[in-house]
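Asks: no FASTA, just this:
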């Protein structure tokens, strides 16, 4: 099986991740009949679900197990991946130094869940969750929101509730016009019925060019297709999936 194509991790990285999960579980054995899927393949399965956003039915066919087995492995290992890889996730200061920090929001597409009335984003014309992402002009990702908010919520609200302001205290933070009034470095909005002065137009253009790197950072993060294709799982499990992806992202390039 071509593990790297499915997971984004090479064989050595998958072996190390499996060893860390095994140590955290205190073993992986059954007092009865053998497990339908061993620990290494279970880790590959869960990382592949995050990387490729496979349906559990399709994953069960690929790995030759029942869909219920896929579901159990997903629920068991999803939170553990973040936990065992926590040491690879640096603090913003370890990456950023004294650099300015870029922030932007992105939509994680979801189904239109009837239990929520705040998922539809008019900006994107789709249902989803607003995830706030911070990064550097160098192209390095820093961190993401602890928990995303409904896609109907503006970046102003998403930033205010994200906790990123506290985690990025002391940094100069650069955002687009959606973050006006929040104490971030932003451009200047065009006044109604008038043009911006030429110097303000030039400043906006320069700032937008600087901020454009966030599009690349977010696109790179969304190579984990659970964040770019339609997320199918319960919304209360999305935060854990994001945390696992963030940990895997840093582990991959450690």
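Replies: Yep, that arrived. Just so it is clear, the model here is predicted, and its values are computed rather than measured.
Asks: tell me, how many residues neighbour residue 7?
Replies: 24 (other Cβ atoms under 10 Å). Where you see a C-beta, it was placed from the backbone N, CA and C, and this is true even at glycine.
Asks: just the pLDDT for it.
Replies: In this model, residue 7 is scored at 96, pLDDT.
Asks: ok, it to residue 119 distance?
Replies: Distance, residue 7 to residue 119, by Cβ to Cβ, to the nearest Å: 29 Å.
Asks: could you find the closest non-adjacent residue to residue 35?
Replies: Leaving aside its sequence neighbours, residue 35 sits nearest to residue 28 (Cβ to Cβ, 6 or more residues apart in numbering; 7.5 Å).
Asks: swap that for residue 63, sorry
Replies: Distances taken as Cβ to Cβ, 6+ apart place residue 45 nearest to residue 63, at 5.5 Å, with adjacent residues excluded.
Asks: just the strands in the stretch 151-254 of the chain please.
Replies: Using DSSP state E, counting those that start in this stretch, the strands assigned to the stretch 151-254 of the chain run over residues 173-174.
Asks: would you mark the buried spots in stretch 128-146?
Replies: 128-137, 140-145 (16 or more other Cβ atoms under 10 Å).
Asks: just curious, which of these is nearest to residue 158?
Replies: The shortest approach to residue 158 among the buried residues of stretch 128-146 belongs to residue 130, at 4.4 Å (Cβ to Cβ).
Asks: so where's the chain shaky on pLDDT?
Replies: Where the chain drops to pLDDT under 70, the residues are 1, 29-34.
Asks: quick one: the nearest residue to residue 105 once chain neighbours are set aside from residue 224, how far?
Replies: Nearest residue to residue 105, sequence neighbours excluded (Cβ to Cβ, 6+ apart): residue 155, at 4.4 Å. Distance of residue 155 to residue 224, computed by Cβ to Cβ: 21 Å.
Asks: cool, and residue 68?
Replies: Remark: distance between residue 68 and residue 224 (Cβ to Cβ) = 25 Å.
Asks: and residue 72, by the same measure?
Replies: 22 Å.
Asks: now swap in residue 144 and tell me
Replies: Residue 144 sits 11 Å away from residue 224, going by Cβ to Cβ.
Asks: for the stretch 151-254 of the chain, what spans make up the helices?
Replies: 155-162, 164-167, 198-211, 213-221, 238-252 (DSSP state H, counting those that start in this stretch).
Asks: on that earlier part again, more neighbours: which of residue 72 and residue 224?
Replies: Neighbour count, other Cβ under 10 Å: between residue 72 and residue 224, residue 224 has more, with 22 against 15.
Asks: for the more buried one, list the residues it contacts.
Replies: 8, 50, 51, 245, 248, 249 (Cβ atoms under 8 Å, 6 or more residues apart in numbering).
Asks: tabulate those (TSV), appending distance to residue 173 and neighbour count.
Replies: Shown next, in TSV, are these (distance: Cβ to Cβ, whole Å; neighbours: other Cβ atoms under 10 Å):
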residue	distance to residue 173	neighbour count
8	29	19
50	28	22
51	30	20
245	23	22
248	26	23
249	21	19
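Asks: just give me the closest of the residues you listed to residue 101.
Replies: Of those, the one sitting nearest to residue 101 (Cβ to Cβ) turns out to be residue 249, at 17.1 Å.
Asks: may I see the buried residues of stretch 195-206?
Replies: The neighbour-count check on stretch 195-206 (16+ other Cβ under 10 Å) flags residue 204 as buried.
Asks: and the lengthiest helix in the chain, what does it pack against?
Replies: The helix spanning the most residues in the chain, taking DSSP state H as the definition, is helix 67-84. Helices and strands touching helix 67-84, by 3 or more Cβ pairs under 8 Å, 6 or more residues apart in numbering; DSSP states H and E, are helix 11-25, helix 39-52, helix 56-63, helix 238-252.
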